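**Student:** need a structure here:
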Amino acid sequence: MGEENIQRLVKSIPDGKAASITLTNTEGARKKYNCVFKESIAPSFFLLLKDGTCPSDIDMDRQCLVESQDQDGTAVSFAAMISDKTRDRLFELEAKKSLRPEDLREFFRVNITTPITVSFMQAPGDTQTRTWEISGETVDLSQSGTLALFPKKCLNDGPLMLEITLPNPEKEVSCIAHVILKRQTRKGKWLTSFHFDNISTKDRDIITQNCFSQQRKQLRENIETAG
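**Tutor:** Residues are numbered from 1 along each chain as shown. I've put the predicted structure just below:
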């Protein structure tokens, strides 16, 4: 998409429209934030975070995904770079390119809370590790990984078996994964990020369907709230 077309795409979003931005932190984990779109000189624009302030560990040099709707209610999404964070809640950005479906999937992580089980199987003859299993809940989910909350710490980083019970469509998917990062929360639980190493195409497609379903629901709620 040329510069003129990306400008037209940015200009198609009305000032004050509900939007979202997917940011990447310094550990490589992504999270989506609800925002309000504010006009500037296209392809530049502003996004005002709706709730709270931006975390301090955001990687300002990474491309981010911006999603909103144009004046006709058609979904709009494109990659952008952060030009400046002028206040704790206000970003100035510049749109760079419209995203292909494969690019969008790379960013595609949505907030979904659903049961998840992680387990480790002791290898034959291994006397240094033991078999274990922990159940918890996902915080967000994408085609390539998930962030989840557990009552206990994962004793091994991988290879691990993940089993996730998805709501829409209802289905349990499983895959082999490894831990990207883990940290203990103030309430004593363990927030753990996983990358999927081995997952079937069928299970990945089911995750995608659930992500799209949840994203549509969240976008409708955001637009209704903004209106």
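**Student:** grab the nearest non-local neighbour of the residue most central in space within the chain.
**Tutor:** Centrality entry for the chain: nearest residue to the mean C-alpha point is residue 109, 2.6 Å, by C-alpha atoms, centre = their mean. Nearest non-adjacent residue to residue 109, counting by C-beta to C-beta, 6 or more residues apart in numbering: residue 142, 3.8 Å away. C-beta coordinates here come from the backbone N, C-alpha and C atoms, glycine included.
**Student:** so what pairs up with the closest residue in space to residue 185 that isn't next to it in sequence in the strands?
**Tutor:** Nearest residue to residue 185 in three dimensions, chain neighbours excluded: residue 191, at 5.7 Å (C-beta to C-beta, 6+ apart). Applying DSSP bridges to residue 191 yields these beta-bridge partners: residue 149, residue 183.
**Student:** separation between residue 191 and residue 210?
**Tutor:** Per C-beta to C-beta, to the nearest Å, residue 191 is found 21 Å from residue 210.
**Student:** those two: which has the busier surroundings?
**Tutor:** residue 210 (22 against 16; other C-beta atoms under 10 Å).
**Student:** OK, contacts around that one?
**Tutor:** The contact partners of residue 210, by C-beta atoms under 8 Å, 6 or more residues apart in numbering, come to 112, 141, 166, 167, 168, 169.
**Student:** residue 214 belongs to a helix?
**Tutor:** Yes. Membership of residue 214 in a helix is supported by DSSP: H, G, I helix; E, B strand; the rest coil.
**Student:** so what's it up against?
**Tutor:** 110, 111, 112, 168.
**Student:** mind running it again at 10 Å?
**Tutor:** By C-beta atoms under 10 Å, 6 or more residues apart in numbering, the contact list for residue 214 reads 110, 111, 112, 113, 114, 140, 141, 166, 167, 168.
**Student:** pretty sure the second one is touching residue 137, no?
**Tutor:** No. Contact between residue 111 and residue 137 fails when scored by C-beta atoms under 10 Å: they sit 11.5 Å apart.
**Student:** give me the common contacts of these two.
**Tutor:** Joint contacts of residue 111 and residue 137 (C-beta under 10 Å, 6+ apart) do not exist.
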